[in-house]
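Colleague: Got a sequence here, can you model it:
(2 chains)
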There are 2 protein chains.
Amino acid sequence: MKLPVIDRAALDRHLPILGWARSYDRNVFTSDMVAAVIVTIMLIPQSLAYALLAGLPAEMGLYASILPLVAYAIFGTSRALAVGPVAVVSLMTAAAVGNLGLSSPAEYAAAAITLAFISGVILTVMGVLRLGFLANFLSHPVIAGFITASGILIATSQLKHVLGIEAHGHSLVDLVGSLIAHLPDTNLITLAIGAATVGFLFWVRKGLKPLLLKAGLKPRLADILAKAGPVAAVASTTLAVWAFDLAEKGVKIVGEVPTGLPPLTLPSFSSEVWSSLFVSALLISVIGFVESVSVAQTLAAKKRQRIVPDQELVGLGTANIAASLSGGYPVTGGFARSVVNYDAGAETPAAGAYTAVGILIAALVLTPLLFFLPKATLAATIIVAVLSLVDFSILQKAWSYSKVDFAAVASTILLTLGFGVEVGVSAGVILSIALFLYKTSRPHVAEVGVVPGTQHFRNVLRHRVETHPAVVTLRVDESLYFANARFLEDMVLDRVINDAPLRHVVLMCSAVNEIDMSALESLEAINTRLDEMGIKLHLSEVKGPVMDRLKRSHFLEDLTGKVFLSQYDAVRELVGTQTQAAE
Amino acid sequence: MKLPVIDRAALDRHLPILGWARSYDRNVFTSDMVAAVIVTIMLIPQSLAYALLAGLPAEMGLYASILPLVAYAIFGTSRALAVGPVAVVSLMTAAAVGNLGLSSPAEYAAAAITLAFISGVILTVMGVLRLGFLANFLSHPVIAGFITASGILIATSQLKHVLGIEAHGHSLVDLVGSLIAHLPDTNLITLAIGAATVGFLFWVRKGLKPLLLKAGLKPRLADILAKAGPVAAVASTTLAVWAFDLAEKGVKIVGEVPTGLPPLTLPSFSSEVWSSLFVSALLISVIGFVESVSVAQTLAAKKRQRIVPDQELVGLGTANIAASLSGGYPVTGGFARSVVNYDAGAETPAAGAYTAVGILIAALVLTPLLFFLPKATLAATIIVAVLSLVDFSILQKAWSYSKVDFAAVASTILLTLGFGVEVGVSAGVILSIALFLYKTSRPHVAEVGVVPGTQHFRNVLRHRVETHPAVVTLRVDESLYFANARFLEDMVLDRVINDAPLRHVVLMCSAVNEIDMSALESLEAINTRLDEMGIKLHLSEVKGPVMDRLKRSHFLEDLTGKVFLSQYDAVRELVGTQTQAAE
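Modeller: Take a look at the predicted model:
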């Protein structure tokens, strides 16, 4: 009976639900239920607001919060991640679909559905092919800069709803210009609702919980009530608009939201649509995955659990495919909601499925109540939520640590603000890679000597070390590959050309993790040129994998000197020979 | 009188002609003259043939061989490089201008002139900004693969002239398909001339020189006569066409070639033309520079001279600008001609200027004689010349040395043959960089122990070394940066998670040349997680520049363990503590 066991392990790996469902009991159920209720309360206004941010009808936010959560509960590995619409991905959806220049809202919605599908396919395929490591090419500073700039863009884009005016644009300059141009159209009642809601929500964040605790409430209850702030704002402003007929006075409202189950939708399969959305879908997938996986990892580590990044791709991929089949738009794991979910006690992904049931009930029952909900209220909840993403301290940290990292984060922020999210994040990735390549193409090379009384070798410029005039040891602090092969050649020859007593050059390879074919040709050239000057070339501390490869070339036969296991051996032997020669 | 001295050094650097012109004497003049005569004989048929390959009128080849050579003589640093039209750049010109879909030959020529100008500006600007290192990102295997594939494409593209038929296409498949489709139109007289010329030129290469030596000629004279093979072929086939009226029988001839000085031409400055030619011009610039600089370096090294790559960019850049102002098209330093120039005794760039005079005389006097020159003869000289570029041994060398290099060279060859030169070389560069990044994103990590009786630490899997159960030392064989930061985190935690007696983890950083901000955050995470397990994290052999940077962060304060100068110190102290604790 060996085969079924293996099958089960493979099944568990691909269907993580089988792992935790086996030990599911009443206690876990209770914990998951409590977390689900709290997250549902938080998610209802958020899902409506983010759909608005994406330029979509409010109900699509609800639909994106039902089936995708169920799909993630089956295929995802994080026990606390709360999947659904999030701010940054909603903004990226708006940018991607906005680029297409569609006129009718129906076409716009269809494009968002297709975007979710393409993104879901990309994520799932990346997961199956174990390409999760690709996300590592988004460096931390680039992500931090991107999130901060997106937060600013999102908050600015929502000001139009708070002012009750029109404004468009994907960059900060366009947005602000458009806002200023339309400023005279400001609807004062809308502004009053929006500003009051922003003020109220900030107060709820900072002031309400301490107040409730002082009033003698239990911390848990105080927490839930503080999280319900946006719901209270939604309810009271909706009531106000209804009671005072404010919609007649120009306050824009959500209006008719269809009641019922999510519709069955299908993405477009036109190759034209796919080719115009593919790059956007790729960016959304990668950004969504990186955001999601980092919060999932942080929360998993707190309980000594681990998540499986490649399976996370499958979880998020199926969630997006589910979104596209049920009237939703691109989703991912949200930072704030996941933290709330975790703090509220969620123990398994089932909490997500229960949240889906909560949102489903909302879609079936609550939508008529949303008719008079002012858009300004939703905009206010977005503004308050995203301003917590804005954090310029990364600029100061990067500046003090490394100018290269600073360049990456500063350009990402500037380009995102100046040219929109897609240009910003692409430029951030390309710049990070370019700067890394630039650094490796001009490696640090140190001339080293032995630390007296030890067998340890350090930089002659930084430490008090001993050297010998006939022997120079150069420690190359980089792998040798095509981008720096010629640099090494120039560097070694420049060092030796005017040093008459020199007889031996030792390349200390303790930091050389790779010698590619281009670098091998450069080493051969160095060997030949040094030979012509009567200088022998030696290597020391060559790593195993590098040595294996050198043995497969002619280099070791042509080498005028030797390969020493340790630098100490090299100097003992070479200096010894010199001393004998002198005697 | 200090200032003028500094000025002179700066002038010498930017105008290398001032360096060698001062010591120019009669002997040097004679050497340069002899070399110039031989190169001129070689260059006349080549310049006509390569213009044909680029899809341009024959005289543009001559014009590209006059002023550009003078410009290089003033600004270039190589004493042997022979600048002018070359095969690969001519093919790239044909591909670039062909992409524009122009109908009239005049527009086509104007585009080639503009291409030379843009390329000249790119090269000059790169030189002034000292961006020559960018060329290093073309790895040796990619260049080798590209040159081999280009040779095949060029030879195939010339078959149409040998057969006297039409054929078009930028990829091997298109070319061969087009050739086969038009095969029935083959002109047998043309084929006879072409095939005979190919046979004759191969015989001249292999058989003529030994024969002449046997006949008692001096080696130098035998060499010159062998180099004159193409001139003999041009003369005899032109005579044959004229004498037997073969042009009437369908043999395509060069026809009217204008006599006189090169015309003054101006590039287009339309932004539309520039944007459609810019990428092509960039590729031509980089490929031309890399080819040119590598032959220049090889020849300079033979005489213990050095070339200055950034000044070479200026030399080639001004040569291309000169080409665009005098009816030429993109030029660079040619491999075969430069070797001939060097072997013939050229001592200064003045040899190039004398060659320019030779070609100028040809343009003033010889052009009427070229009327009956069959295109098949020119095609034959190209075929014989480029087949020497084809060298598949790089595939076998790369396969045995490194599969990654093999992947780069094989894809470059296949993509160049399959999709043309521009796709081929771009893909080669991108693939080389991607493969390098992939390798560095999954670094080699070795667990090390001390080699008994020494202070030297090596991989426990490869060497017989001593370790201690409470202390594990991991040597990370790569710089730590965003692409591998998460990998390191996973790797360290996987190693320690089930190792109960473990109390100390030492990261031996002898091969870590950089820790960027992303990696710093990962190290902080590792430190925290290990702390939670009661394990201390230590670093050893941290390099100076890396340590400087760490000191500017909070990491060293938070680190649970210590930073040891040498790995030996680390183990002595940590194992010592453990032994005391056991006692």
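Colleague: Only C-alpha atoms from now on, for both contacts and neighbour counts.
Modeller: Fine.
Colleague: ok, how many other residues are close to the closest residue to chain B within the stretch 151-300 of chain A?
Modeller: Minimum separation of the stretch 151-300 of chain A from chain B (Cα to the nearest Cα) falls at A:T298, amounting to 9.6 Å. Applying the criterion other Cα atoms under 10 Å in any protein chain shown, we find 16 residues in the vicinity of A:T298.
Colleague: After the helix or strand hosting it, which helix or strand is next?
Modeller: Here A:T298 is covered by helix A:271-302, with elements defined by DSSP states H and E. Secondary structure here is assigned by DSSP H and E; on that basis, the next helix or strand after helix A:271-302 toward the C-terminus is helix A:309-325.
Colleague: Give me the contact list for the next helix or strand after that next one.
Modeller: Toward the C-terminal end, the helix or strand that comes next after helix A:309-325 (DSSP H and E) is strand A:332-334. The set of residues that contact strand A:332-334 without belonging to it, under Cα atoms under 8 Å, 6 or more residues apart in numbering or on different chains, is A:81-86, A:89, A:288-289, A:291-293, A:316, A:319-320.
Colleague: Identify, from those residues, the entry nearest to B:A385.
Modeller: Within the contacts of strand A:332-334, the smallest distance to B:A385 is 53.2 Å, found for A:F289 (Cα to Cα).
Colleague: My guess is that closest one contacts A:G315. True?
Modeller: No. Counting by Cα atoms under 8 Å, A:F289 does not reach A:G315; the two are 10.1 Å apart.
Colleague: Pick out whichever of these two has more residues nearby.
Modeller: For the pair A:F289 and A:G315, the greater number of neighbours falls to A:G315 (31 against 22), based on other Cα under 10 Å.
Colleague: That one is in contact with A:Y72, isn't it?
Modeller: Yes. Under the criterion of Cα under 8 Å, A:G315 makes contact with A:Y72 at 4.9 Å.
Colleague: Alongside chain B, which residues does the stretch 351-500 of chain A contribute?
Modeller: When proximity is defined as Cα under 8 Å from any Cα of the partner chain, the stretch 351-500 of chain A approaches chain B at A:398, A:400-402, A:405, A:444, A:455-456, A:462, A:477-479, A:482-486.
Colleague: mind showing which ranges of the stretch 301-450 of chain A have poor pLDDT?
Modeller: The stretch 301-450 of chain A contains residues with pLDDT under 70 at A:304.
Colleague: Count the residues that sit near the residue in it positioned nearest to chain B.
Modeller: When you check the stretch 301-450 of chain A against chain B by Cα to the nearest Cα, the closest residue turns out to be A:Y401, at 5.9 Å. By the criterion of other Cα under 10 Å, A:Y401 has 21 neighbours.
Colleague: cool, the one 4 residues further on as well?
Modeller: The number of residues packed around A:D405, counting by other Cα under 10 Å, is 27.
Colleague: Distance-wise, check the nearest residue in space to it that is not next to it in sequence relative to B:L153.
Modeller: For A:D405, the nearest residue in space outside its immediate sequence neighbours is A:A398; the separation is 5.7 Å by Cα to Cα, 6 or more residues apart in numbering or on different chains. According to Cα to Cα, to the nearest Å, A:A398 stands 49 Å off from B:L153.
Colleague: Check which helix or strand A:R79 maps to.
Modeller: Element membership for A:R79 (DSSP H and E) is empty, with no helix or strand holding it.
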